[in-house]
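> Turn this into a model:
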Amino acid sequence: MAPTTAKETTIRDLLILGTGVHCQEMVEIIARINGLKPTWNLIGLVAPDASVPGVMQDGTAMLGGPEVISAHPGACVVPGYGWPKSAPVPRERLITLVDPSAFVSRTARIGPGSTIYPNCFVGLNATIGERVFCLCGCVVNHDCVLEDGAALASSVALAGSVHVEADCYLGQSSTVRQGVRIGHGSMIGMGAVVIRNVVPNSVIVGNPGRLLRVKAPE
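From the prediction side, this is the model:
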């Protein structure tokens, strides 16, 4: 028998936390990853609250509520966008999900529980925290920082050294100038062009970006 030279592939069980449209897209990202190298055995989706098990339209199993997480103690988990903070997430089991088409610099860092959609760019020395969600075509340039819980809709573009604090939401096709800091919990509107620092919990709209209002902290 010929000796085996290739390393054996380890396939790990995985749960997606959430059942919405983005979670169903994450199923497709997992399939794309597995198409290049078998990596994940997707057990199914977990609802954020009590739910009757069933099957999604694409055939993916919907397993039930959060109690499913403890029922599969050996499975890794990745939360979908909108998974509530109050719902349990075992941090030590979080994995990072990156579509194969994304470019991620060798010096970039992406935290556990984050998802990077197709055709994203993550540049040199960029830092992406935990449970960050980047939809398709986002540009996170060199030395940017995205803190925990930040979410970028499709085609958001961050110039170099932008700092997005925790729990911010940046709307589709919004753009942020180099070196700008966006305060905790802020919301940047679709197509907005942010050229100056943003105080926490701001809602910014327009080009150039202007303060629409300051929202109550969540």
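> In the chain, where is pLDDT below threshold?
By pLDDT under 70, the weakly predicted segments of the chain are 1-9, 57.
> what residue lies at the spatial centre of it?
When the chain is reduced to its mean C-alpha position, the closest residue under Cα atoms, centre = their mean turns out to be F133, at 2.2 Å.
> check contacts around that residue.
Listed by Cβ atoms under 8 Å, 6 or more residues apart in numbering, the contact set of F133 reads 22, 80-81, 114-115, 150-152. Bear in mind the C-beta positions are built from the backbone N, C-alpha and C, glycine included.
> Quick check: longest helix in this protein by residues?
Longest helix in the chain by number of residues (criterion: DSSP state H): helix 21-36.
> next structured bit after that one?
Using DSSP states H and E, the helix or strand that follows helix 21-36 towards the C-terminus is strand 40-46.
> What residues does the spatially closest residue to S173 that is not a sequence neighbour make contact with?
For S173, the nearest residue in space outside its immediate sequence neighbours is S155; the separation is 4.6 Å by Cβ to Cβ, 6 or more residues apart in numbering. With contacts defined as Cβ under 8 Å, 6+ apart, S155 is in contact with 136-138, 172-173.
> re earlier: export the longest helix of the chain to CSV, keeping only CA atoms.
As requested, the backbone C-alpha atoms of helix 21-36 are provided in CSV (Å, rounded to 0.1, in the frame of the first residue of the first chain):
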residue,chain,number,x,y,z
VAL,A,21,-32.2,35.4,4.5
HIS,A,22,-28.6,36.1,5.4
CYS,A,23,-28.3,32.8,7.2
GLN,A,24,-29.6,31.1,4.1
GLU,A,25,-26.9,32.9,2.1
MET,A,26,-24.3,31.7,4.7
VAL,A,27,-25.4,28.1,3.8
GLU,A,28,-24.3,28.9,0.2
ILE,A,29,-20.9,30.3,1.4
ILE,A,30,-20.3,27.1,3.4
ALA,A,31,-21.1,25.1,0.2
ARG,A,32,-18.5,27.2,-1.7
ILE,A,33,-15.9,26.6,0.9
ASN,A,34,-16.6,22.9,0.9
GLY,A,35,-16.4,22.9,-2.9
LEU,A,36,-12.7,23.9,-2.6
